[in-house]
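Engineer: Below are the sequence and a predicted model; questions follow.
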Protein chains: 2
Amino acid sequence: MGERSLIQEFRRHPPGHPWLIVGPGQDCAVLRWGQGRDLAYKIDQVVEGTHFTLSGPEASTPRRIGWKAMAKACSDIAATGFWPVAATVGANLNRSLGDDWALELHRGLVACCERFAFALAGGDISSSDGPVSVCVSLLGEGPAGGAWLRSGAKPGDWLLVTGDLGGSRGGKHLDFTPRLEEARRIRDLAGRGVHACIDITDGLARDAGHLCDESACGLEIDLAALPVAEAARAAAQKDLRPELDHVLGDGEDFELLLAVEPTAAQALLKQWNLPTRLTRIGRIVPKDAGRTLVEAGGRKAPMPDLGYEHATEKDA
Amino acid sequence: MGERSLIQEFRRHPPGHPWLIVGPGQDCAVLRWGQGRDLAYKIDQVVEGTHFTLSGPEASTPRRIGWKAMAKACSDIAATGFWPVAATVGANLNRSLGDDWALELHRGLVACCERFAFALAGGDISSSDGPVSVCVSLLGEGPAGGAWLRSGAKPGDWLLVTGDLGGSRGGKHLDFTPRLEEARRIRDLAGRGVHACIDITDGLARDAGHLCDESACGLEIDLAALPVAEAARAAAQKDLRPELDHVLGDGEDFELLLAVEPTAAQALLKQWNLPTRLTRIGRIVPKDAGRTLVEAGGRKAPMPDLGYEHATEKDA
């Protein structure tokens, strides 16, 4: 079965509550807490061996691990268009790591809290002889009924993406900036025009597929429009695979993929003035039309089954 | 340094937020979310080797581990007098454990959610070759400004305790009932008369000390009044230590210790009709009067330095 099937079990009969308006299966759960503001709720973890390594040439520093753990949860809040308010952290350290290591981990966590002005509200720390893991729970807030979900995309919507894609495992995955400020600006400029959103963690092809699954639609992606990260070019030179494979398939981009109503999308792109790029890469089509890549000459090909899947991690 | 000093670091300069009205150092953080209701926020974990074992004569089942992980976080919500609304779970499994094991863990988690009618809102699952850990984040709700804290006890307050004390490691620690219903009834009956509360996880002596530290007060405990658990008697027969050592020092009782204004406490005890015992065990005194045990004859002795400390776990 593995984790994926267990997660299906999680989703099948989740105990509910009258305040829970969005349950497992989205980037965040959403609770109707007060009258005017909803609450986004997320748990996420980074584990040694899966999300970072402590030995070898790619060994990470504890500060970068702390940043990544917190930023990864922030990326999910960004995908709802909400803003983080408070985090709590459960850390499992390894007994062989010293005090300085733990303090540096703490500094990385705090740096992300301070960067986006939210609280570190509590923590729980254990030690074992096993791999290090850092579990982050995060609360975000936004307008009641206004959380962006993976569902809601409609045929005709424009597909937009923040930043550049591919090659994140070359380094960006450890110190990326979660797209909270971009999401806030998009909400300000596009209002209710944003129909759906997901953060790209498994690669564009796979996460676009998740958005289609949840919205019961198809999509067309214009190959020529895809924003190629410098790191994707470097990765392609290194492993001799096509650049496009990296752009479509590499994981941990932590960029936002949005389906936006065309008039709102047009206005949004026109007024966009943040340093992070915002690019139109395609459109939502009816489900029957499938999921296709459109080459520069207009030739269509089915979306390839590329994608980065953490072999050992699933979230609900 | 270890975990305790790291936690001190956590508490020293925690990044805050205008909505965070109680930060690290209490059983839960408290956020002012809506207008009339506050939010209690907790993260807590159980780790193989520290909170349960998977081998030997005391090996636990995955269902009991799931229950314990969720109930432990509920106990902290109970200590604030709030009620749980939604949980998220980050689980690190071991690759050698099969599907049935994971499903049983899930059933244990769900059983606790269903028992107290709150949501399982999401999860994140990883696998490694290391020890199993289950990290639970929990949100609770209660009246604005009404969360019970460790601080607030005043000289003259009566000290009350739920249930019986001692010997929990003999079995109760895996399937205890968090005192949520008791806390709700206490709030109903005593209103604002509850000045402070803590859940007993490190043993009565140590947690009573935490309450005194945070409230800047002393206390007297009447030895003859202490409710002795059957399991404490069994533990004393087994290890030939005094029964009292188990009552005062054993960890993971998960009972509530409350400081209650005397008139309210009297009314509360008079009207108490839940099956769980509620016992007056002493009183709060000024800080200068210290922390003492009062024997049946009236002789006083200083509180012994007994207590159960998870050598490898601290929370903030």
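Structural biologist: Good, I have the coordinates. Numbering: from 1, shown residues only, chains lettered A, B, ... in the order given.
Engineer: residues near A:Glu104, how many?
Structural biologist: Counted by other CB atoms under 10 Å in any protein chain shown, the residues lying close to A:Glu104 total 18. Placement of C-beta: from N, CA and C, glycine included.
Engineer: what's near enough to touch the closest residue to chain B within the stretch 51-200 of chain A?
Structural biologist: Across the stretch 51-200 of chain A, the shortest distance to chain B (CB to the nearest CB) belongs to A:Gly130, at 2.3 Å. For A:Gly130, the contacting residues are A:92, A:94, B:128-131, by CB atoms under 8 Å, 6 or more residues apart in numbering or on different chains.
Engineer: Tabulate those in TSV, adding columns for pLDDT.
Structural biologist: Formatted as TSV, the contacts of A:Gly130 follow (pLDDT from 0 to 100):
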residue	pLDDT
A:Asn92	94
A:Asn94	93
B:Ser128	89
B:Asp129	89
B:Gly130	90
B:Pro131	93
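Engineer: Of those, which is the most crowded?
Structural biologist: A:Asn92 leads the contacts of A:Gly130 on contacts (other CB under 10 Å) with 28 neighbours.
Engineer: residue boundaries of the strands in the stretch 51-200 of chain A?
Structural biologist: Using DSSP state E, counting those that start in this stretch, the strands of the stretch 51-200 of chain A run over A:83-94, A:119-128, A:133-143, A:158-162, A:194-199.
Engineer: Which one of the contacts of A:Gly130 is nearest to B:Lys68?
Structural biologist: Within those, the smallest distance to B:Lys68 is 15.1 Å, found for B:Pro131 (CB to CB).
Engineer: what's near enough to touch the closest one?
Structural biologist: Going by CB under 8 Å, 6+ apart, the list of residues near B:Pro131 reads A:128-130, B:47-49, B:94.
Engineer: from those residues, which ones fall inside helices?
Structural biologist: Secondary structure defined by DSSP state H assigns none of those to helices.
Engineer: Out of those, which two sit at the greatest distance?
Structural biologist: A:Asp129 and B:Asn94 (12.9 Å).
Engineer: Columns distance to chain B on top of the strands of the stretch 51-200 of chain A, output as TSV?
Structural biologist: Listed next are those as TSV, based on distance: least, CB to the nearest CB, whole Å:
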stretch	distance to chain B
strand A:83-94	4
strand A:119-128	4
strand A:133-143	3
strand A:158-162	23
strand A:194-199	14
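Engineer: Could you work out which of the ones you listed reaches nearest to B:Leu204?
Structural biologist: Short answer: strand A:119-128, nearest of the strands of the stretch 51-200 of chain A by CB to CB, at 21.7 Å.
Engineer: That closest one: partners in the sheet, and parallel or antiparallel?
Structural biologist: When pairing is defined by DSSP bridges, strand A:119-128 lines up against strand A:83-94 (parallel), strand B:313-315 (antiparallel).
Engineer: Of those, which stretch is the most buried?
Structural biologist: Of all the strands paired with strand A:119-128, strand A:83-94 carries the top mean neighbour count, a mean of 26, counting by mean count of other CB atoms under 10 Å in any protein chain shown.
Engineer: domain parsing for chain A?
Structural biologist: Structural domains assigned to chain A are A:15-143, A:158-302, following automatic domain parsing.
Engineer: Before we go further, A:Gln237 is sitting in a helix, right?
Structural biologist: Yes: assigned with DSSP: H, G, I helix; E, B strand; the rest coil, A:Gln237 falls within a helix.
Engineer: Among the strands of the stretch 51-200 of chain A, show the one with the smallest mean pLDDT.
Structural biologist: Lowest mean pLDDT of the strands of the stretch 51-200 of chain A: strand A:119-128, a mean of 93.
Engineer: And that strand, how far out from the chain middle?
Structural biologist: Mean-position distance between strand A:119-128 and its chain equals 23 Å (CA atoms, centre = their mean, to the nearest Å).
Engineer: buried stuff in it?
Structural biologist: A:119-128 (16 or more other CB atoms under 10 Å in any protein chain shown).
Engineer: go on, stretch A:106-122?
Structural biologist: A:106, A:108-113, A:115-116, A:118-122.
Engineer: Save those residues as CSV, and put in distance to B:Gly191 too.
Structural biologist: Shown next, in CSV, are the buried residues of stretch A:106-122 (distance: CB to CB, whole Å):
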residue, distance to B:Gly191
A:His106, 39
A:Gly108, 44
A:Leu109, 39
A:Val110, 39
A:Ala111, 43
A:Cys112, 41
A:Cys113, 36
A:Arg115, 42
A:Phe116, 39
A:Phe118, 33
A:Ala119, 29
A:Leu120, 33
A:Ala121, 27
A:Gly122, 27
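Engineer: if we can go back for a sec, let me have the strands of the stretch 51-200 of chain A in CSV, adding distance to A:Arg283 as columns.
Structural biologist: Formatted as CSV, those follow (distance: least, CB to CB, whole Å):
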stretch, distance to A:Arg283
strand A:83-94, 29
strand A:119-128, 40
strand A:133-143, 26
strand A:158-162, 6
strand A:194-199, 12
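Engineer: For B:Arg64, which of those is the nearest?
Structural biologist: Of all the strands of the stretch 51-200 of chain A, it is strand A:119-128 that lies closest to B:Arg64, at 18.8 Å by CB to CB.
Engineer: and which of the contacts of A:Gly130 is nearest A:His246?
Structural biologist: B:Ser128 (27.1 Å).
Engineer: Just want the residue of the stretch 151-300 of chain A that's nearest chain B.
Structural biologist: Closest to chain B within the stretch 151-300 of chain A is A:Thr201: 11.6 Å, counting by CB to the nearest CB.
Engineer: which other residues reach stretch A:270-280?
Structural biologist: A:158-164, A:179, A:181-182, A:185-186, A:189, A:222, A:225-227, A:265, A:268-269.
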